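*Asks:* quick one: sequence plus predicted model below, questions after.
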Amino acid sequence: MILSSIWRHPIKAHGREELASVLLSAGACLPFDRHWAVAHEAARLAEGWSQCANFSRGAKAPALMAITARLEGEAVTLSHPDRPDLCFRPDDPADLPVFLDWVRPLMPAERAASARIVSAGRGMTDTPFPSVSILSLSSLADLSGRMGTDLSIHRWRGNLWIEGAAPWAEFDMIDREIAIGDAVLRIEDRITRCKATMTNPETGIIDADTLAALQSHYGHRDFGVYATVIRGGEITRGDEVRPC
């Protein structure tokens, strides 16, 4: 198995960017992955990490799935096929109105509007523990074949994509450790999927019932696994993925 690609999402549900390499730290998310999240006007935030229902996200606002991002220093540049590029600083309150104006046309009118950008000192992943998601290109190819359509990796908003494993072999890795580059990760649990994966990440339009396909073909709605970093170290695209 090899590490095919590395992805981070600087602002939860608001864009993706590819990395050639990254330095993982023990007990932490992938650096600057979900570092920020966009709380909506009905959010009830806890101290630090909060559940995903408090945030604007692709499951409720499909158009967000077509955003790409680029993080440079303190600034994030967002791109979307229906919006002009926006470069702003998520930590700067003065830039918040510009961001809210930019994202407003992408939000459904019946949903709670985006209100503010928050951070928690760790990635605002969907897990209460700092996690890194690992997904398999073989599993994606198997699902794509059964659905009769070529599913993009970006429907799944994963961090690490691996290739060379048997389809769905990642589920057999739960409670085991793997080494990638200089890092060691422990596979913790399956990722149960939401409606965001039904959206085409190029257009932001729902066009494939991935949830029904997972349920009918495999008897579950899981795709990919969550992992924790046990030993930090640099990982690079093309690194071997080895069982420990």
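*Replies:* Arrived safely. Numbers count the residues shown, from 1 in each chain.

*Asks:* and for the residue nearest in space to the middle of the chain, nearest residue in space, chain neighbours not counted?
*Replies:* Central residue of the chain (C-alpha atoms, centre = their mean): Arg157, 3.2 Å from the mean position. Nearest-residue entry for Arg157: His9, 6.1 Å, with adjacent residues in sequence omitted and distances by C-beta to C-beta, 6 or more residues apart in numbering. Just so you know, the C-beta spots here come from the backbone N, C-alpha and C atoms, and that holds for glycine as well.

*Asks:* one more: Thr125?
*Replies:* Of all residues not flanking Thr125 in the chain, Ser131 sits nearest, at 5.0 Å (C-beta to C-beta, 6+ apart).

*Asks:* what sits against the one you found?
*Replies:* By C-beta atoms under 8 Å, 6 or more residues apart in numbering, the contact set of Ser131 is 29, 123, 125, 188, 226-228.

*Asks:* end-to-end on stretch 85-98?
*Replies:* End-to-end span of stretch 85-98 (C-alpha to C-alpha, to the nearest Å): 12 Å.

*Asks:* re earlier: tell me which two in the contacts of Ser131 are the farthest apart.
*Replies:* Using C-beta to C-beta, those reach their maximum pairwise distance at Gly123 and Glu188, which is 14.6 Å.

*Asks:* partner strands of the helix or strand Ser133 falls within, with direction?
*Replies:* Element membership for Ser133 (DSSP states H and E) is strand 132-136. The partner list of strand 132-136 in its sheet, established with DSSP bridges, is strand 160-163 (parallel), strand 222-231 (antiparallel).

*Asks:* among the ones you listed, which comes closest to Cys52?
*Replies:* Cys52 lies closest to strand 222-231 among the strands paired with strand 132-136, at 13.6 Å (C-beta to C-beta).

*Asks:* in stretch 211-222, what's buried?
*Replies:* Using 16 or more other C-beta atoms under 10 Å as the test for burial, stretch 211-222 gives 211, 213-214, 218, 221-222.

*Asks:* and stretch 201-208, by the same measure?
*Replies:* By neighbour count on 16+ other C-beta under 10 Å, the buried set for stretch 201-208 is 201, 204, 208.

*Asks:* so who does the closest residue to the first one other than its chain neighbours touch?
*Replies:* Put plainly, it is Pro201. Among residues not flanking Pro201 along the chain, His154 sits closest, at 3.7 Å (C-beta to C-beta, 6+ apart). Residues in contact with His154 (C-beta under 8 Å, 6+ apart) are 16, 65, 201.
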